[in-house]
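1. Could you work out the structure for the sequence below:
(2 chains)
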2 protein chains.
Amino acid sequence: MNETSSQVGTPELPESPESLVKELARNGRAAQRILARASDAEKSAALRAAATAIRRAKGGILEANAKDVAAGEASGLSGAMLDRLRLDDVRLEAIASAIENVASLPDPVGDEIDRSIAPAGMTLVRRRIPIGLIGIIYESRPNVTADAAALCLRSGNAALLRGGSEAVHSNRALHAAFVEGVASAGLPADAIQLLPTQDRAAVGAMLKAAGLIDMIVPRGGKGLVARVQADARVPVLAHLDGICHTYIHTDAQPEMARDIAVNAKMRRTGICGAMETLLIDAAFPAAREVISALLDSGCVLRGDARACAIDPRIAAASAEDWDTEYLDAVLSIAIVDGLDQAMDHIANHSSGHTDAIVTADAEVAGRFLAEVDSAIVMHNASSQFADGGEFGLGAEIGIATGRLHARGPVALEGLTTYKWQVLGSGQARA
Amino acid sequence: MNETSSQVGTPELPESPESLVKELARNGRAAQRILARASDAEKSAALRAAATAIRRAKGGILEANAKDVAAGEASGLSGAMLDRLRLDDVRLEAIASAIENVASLPDPVGDEIDRSIAPAGMTLVRRRIPIGLIGIIYESRPNVTADAAALCLRSGNAALLRGGSEAVHSNRALHAAFVEGVASAGLPADAIQLLPTQDRAAVGAMLKAAGLIDMIVPRGGKGLVARVQADARVPVLAHLDGICHTYIHTDAQPEMARDIAVNAKMRRTGICGAMETLLIDAAFPAAREVISALLDSGCVLRGDARACAIDPRIAAASAEDWDTEYLDAVLSIAIVDGLDQAMDHIANHSSGHTDAIVTADAEVAGRFLAEVDSAIVMHNASSQFADGGEFGLGAEIGIATGRLHARGPVALEGLTTYKWQVLGSGQARA
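-> Here you go, the predicted structure:
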């Protein structure tokens, strides 16, 4: 039920979460059909208008955000959660600029993937089209409201957004300004809808809306992603864990190995591309130096018996350590005998997100890149590069570790699908 | 539970369908890791060996098939079902040749999709890899056992096959010969497994095996596909309906329109690409001739009021006719006023499989091709061309009408996904 309905004063039949989602989906899909025909310039202009509208609505958005922050403080949200929630002039300008950045990215819709001639003579063209209606389910960061909306609209998709309860006023204010901008540029406001209720049953209805919502993207912590993956009947684009490995091979250049290891773990420990397990080859001559550099940088190390024997500051790892995403200045470390043992460890413990090797041996690197079955495999680079911006995609809707559709950092291309266009000259099939 | 276990004579714990599927999936995934590293030549040789083994096992396969046919006759299977089930020398040779044809198709694994340079200087390569373990659930045609197995193996995927009960002996004999060939060529027999039970609960367990089976392809009638789509927690590649439209625009060349309409409906009425609804523009001058040609070819026509007014042999269509896949010599026919009305009808009634326009007006055709949101859109060609072979793909695992991953005819490329390979020279992220 729309939570504002009691204020309207007109009697309304109670609406089930399913019928609410159905109605929103129908509106979104109708808007998407218009969006699918919008030109590159029209979509780009709508996004610039949305950025302008958000800048103009700054006062109201910051006021709404202050309400959320006050409520969060009153209810005892953690400092980290409050920080994610809080908007200010600088962060609001960053949100507006990010929308303009998406507006300037190339429009993938209409791109030709390939072209061939059928045996009967027709020309076959595979051409990119929008997916349709994308559901975005996210937590406390209000910037996701604008980021996800911008990426969906740029690629001709409609979006149905459902943000966290702790950011409800911020999300409504941001959403209202965004769609005001979209509408002022002549595109349908229903292209970007925000679920008008925080009722958790409505999230359940979104997850089950197969045929109405084409794809769900969860943005948030592991709990949210796990719930979405467990309950969804709609395809989900996501990663649950980032248990990323770096393997330092015998022939790794020692300073490079040290710098990559420290960067992969310590640059930012809380991102999904942060290294969680370091595998050092038993024959690598500079293990002690790499370990010292990690310890000196403030990292806690948990090792297998051979790792512990190298430095007394390493604690013994438990069996769970090899399957743990610390998202903290903690690292598990194992000594392995050669490439195959390293790849076996990765096959058993990786979450399929990003795994890296450091080596000067091109043949060994080639085997690692070919045989490790993760969405991203790296040679002589820090796993912290696992990011749409760092991959030159301009933005990302998320990082996916599933097997189908799109993997690794997903941006505009991953928000499209394709159709076959068959150009004939009267062919009938024999 | 393995239905042969009672014959073995050794006591076995009853196995739940879930644990059976888990065990098969584990075996299949282990075999797939070996397959993923197999070369083009190794996979091709294994398929040729499978074809040879099937030819060599001809006697046993035909004997097994005779058992199935006899059981089918005894249980009153329809003539069409018995025909689908029946193998003979010619059909068995066609199965073996089809495997050799797949062996000769280019191996997609390892293909580079694109390559770019990251802002920090690494080279980024997206490269095709197998999806993993594919579940194939099919009905009475035993040739699917070999066809699907060949396509999966060619693209480096393992397969878990579950054929129909009525073909159980044929499928077992074909499967045994196929994997004997695969093993003789040095690849793991477990790459292609046949579910050892006809227990329907095992199908349910396959559909729910998310994380163990990467994709399910149902091959069969609408009942099978609908059940798979309703119950699966594993991604499904399929189409439920082929409600295909042809729109004859005002400016269609009359003979071309007539020939395409008759071919699209009558060449083979039982395939998913057969036209089910014909839309004729009110201003098209040769509607009478097209209608006569269809009636003369033996087609039953059900029309809206304006269509009925053209020829008294046209019966009045009911509301359901516009949403019916006849798969028979029956066609619904409506008269429309212009492109937009035609596209509205298609948007409301198409199953998103294949829709076609006949027109000499390039601009009108361009709008139709861009705006009709089906997996395949055609200009001046018969919808009966909606087929992997006719698209030059060499074979097909199925035709998909979903929005994600692969659409239209799906062959080897659709059985792959990709990974990102990041080739650095020591980059740490700033």
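2. can you pull the buried residues of stretch A:340-351?
-> Of the residues in stretch A:340-351, A:341-343, A:345-346, A:349-351 count as buried by neighbour count, 16 or more other C-beta atoms under 10 Å in any protein chain shown. From N, CA and C alone the C-beta is placed, and that goes for glycine too.
3. out of these, which one sits closest to chain B?
-> residue A:343 (10.0 Å; C-beta to the nearest C-beta).
4. That closest one falls within a strand, correct?
-> No - read with DSSP: H, G, I helix; E, B strand; the rest coil, residue A:343 is helix and lies in no strand.
5. In contact with it, which residues are there?
-> Listed by C-beta atoms under 8 Å, 6 or more residues apart in numbering or on different chains, the contact partners of residue A:343 are A:367-368, A:371-372.
6. rewinding a little: in JSON lines: the buried residues of stretch A:340-351, plus pLDDT.
-> What follows is those, written out as JSON lines (pLDDT from 0 to 100):
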{"residue": "A:341", "pLDDT": "98"}
{"residue": "A:342", "pLDDT": "98"}
{"residue": "A:343", "pLDDT": "97"}
{"residue": "A:345", "pLDDT": "98"}
{"residue": "A:346", "pLDDT": "98"}
{"residue": "A:349", "pLDDT": "97"}
{"residue": "A:350", "pLDDT": "96"}
{"residue": "A:351", "pLDDT": "95"}
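7. Residue A:16 and chain B: what is the separation?
-> Distance, residue A:16 to chain B, by C-beta to the nearest C-beta, to the nearest Å: 21 Å.
8. ok, now residue A:273?
-> Distance of residue A:273 to chain B, given as C-beta to the nearest C-beta: 9 Å.
9. Max pairwise distance over the contacts of residue A:343: which two?
-> Spatial extent of those (C-beta to C-beta) is set by the pair A:367 and A:372 at 8.9 Å.
10. So between the two, which is more surrounded?
-> residue A:372 (24 against 16; other C-beta atoms under 10 Å in any protein chain shown).
11. The more buried one against residue A:346, yeah?
-> Yes - counting by C-beta atoms under 8 Å, residue A:346 is a contact partner of residue A:372 at 5.6 Å.
12. Give the intersection of the neighbour lists for the two.
-> Shared contacts of residue A:372 and residue A:346, defined by C-beta under 8 Å, 6+ apart, comprise residue A:355.
13. Please give the number of neighbouring residues around residue A:268.
-> 12.
14. Contact partners for it?
-> Taking C-beta under 8 Å, 6+ apart, we find residue A:268 in contact with A:274, A:384.
15. so it, which of the three states?
-> Using three-state DSSP, the three-state assignment for residue A:268 comes out as coil.
16. With adjacent residues omitted, what lies nearest to residue A:91?
-> Leaving aside its sequence neighbours, residue A:91 sits nearest to residue A:143 (C-beta to C-beta, 6 or more residues apart in numbering or on different chains; 7.1 Å).
17. Which residues are in contact with whichever residue of the stretch 201-350 of chain A sits closest to chain B?
-> Residue nearest to chain B within the stretch 201-350 of chain A (C-beta to the nearest C-beta): residue A:263, separated by 3.5 Å. Counting by C-beta under 8 Å, 6+ apart, residue A:263 touches A:382, A:384, B:428-429.
18. Now tabulate these in TSV and tack on secondary structure.
-> Shown next, in TSV, are the contacts of residue A:263 (three-state DSSP):
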residue	secondary structure
A:382	coil
A:384	helix
B:428	coil
B:429	coil
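19. Specify which member of the contacts of residue A:343 is nearest to chain B.
-> Proximity of the contacts of residue A:343 to chain B (C-beta to the nearest C-beta) peaks at residue A:371, which lies at 6.2 Å.
20. Could you look up the SS state of the nearest residue to residue A:356 once chain neighbours are set aside?
-> In space, and not counting its chain neighbours, residue A:356 is closest to residue A:378: 3.8 Å by C-beta to C-beta, 6+ apart. At residue A:378, secondary structure determined by three-state DSSP is strand.
21. ok, the residue nearest to residue A:91 - how many residues close by?
-> A count of nearby residues for residue A:143, using other C-beta under 10 Å, gives 18.
22. Give me the pLDDT value at it.
-> The predicted local distance difference test score for residue A:143 is 93.
23. quick one: average pLDDT of stretch A:382-397?
-> Per-residue pLDDT values over stretch A:382-397 give a mean of 94.
24. now for it, what's the gap between its first and last residues?
-> Taking C-alpha to C-alpha, to the nearest Å as the measure, stretch A:382-397 stretches 22 Å from start to finish.
25. Equivalent analysis for stretch A:143-163, please.
-> 10 Å.
26. and if you look at stretch A:78-96?
-> End-to-end span of stretch A:78-96 (C-alpha to C-alpha): 27 Å.
27. For that stretch, give the mean pLDDT please.
-> The average pLDDT for stretch A:78-96 rounds to 94.
28. Can you lay out the contacts of residue A:343 as JSON lines showing distance to chain B?
-> As requested, the contacts of residue A:343 are exported to JSON lines (distance: C-beta to the nearest C-beta, whole Å):
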{"residue": "A:367", "distance to chain B": "9"}
{"residue": "A:368", "distance to chain B": "10"}
{"residue": "A:371", "distance to chain B": "6"}
{"residue": "A:372", "distance to chain B": "8"}
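29. Among the residues you listed, which ones are in strands?
-> Assigned to strands by DSSP state E, none of the contacts of residue A:343 qualify.
30. Give me the nearest residue to residue A:377, chain neighbours excluded.
-> Distances taken as C-beta to C-beta, 6+ apart place residue A:369 nearest to residue A:377, at 5.0 Å, with adjacent residues excluded.
31. thinking again about what came up before, ok, the residue nearest to residue A:356 touching residue A:354?
-> Yes - using C-beta under 8 Å, residue A:378 is in contact with residue A:354, at 6.6 Å.
32. neighbour count winner among those two?
-> Just comparing residue A:378 and residue A:354: by other C-beta under 10 Å the higher neighbour count belongs to residue A:354, 36 against 32.
33. That one bridge partners, please.
-> Note on residue A:354: beta-bridge partners residue A:376, judged by DSSP bridges.
34. I'd assumed residue A:386 was in contact with it.
-> Yes - with contacts counted by C-beta under 8 Å, residue A:354 reaches residue A:386, the gap being 4.2 Å.
35. okay, and the common contacts of the two?
-> Residues touching both residue A:354 and residue A:386 by C-beta under 8 Å, 6+ apart: A:242, A:244, A:273, A:376.
36. one step back: and for the residue nearest to residue A:377, the neighbour number?
-> Neighbourhood size, residue A:369 [other C-beta under 10 Å]: 21.
37. Sweet, I'm off.
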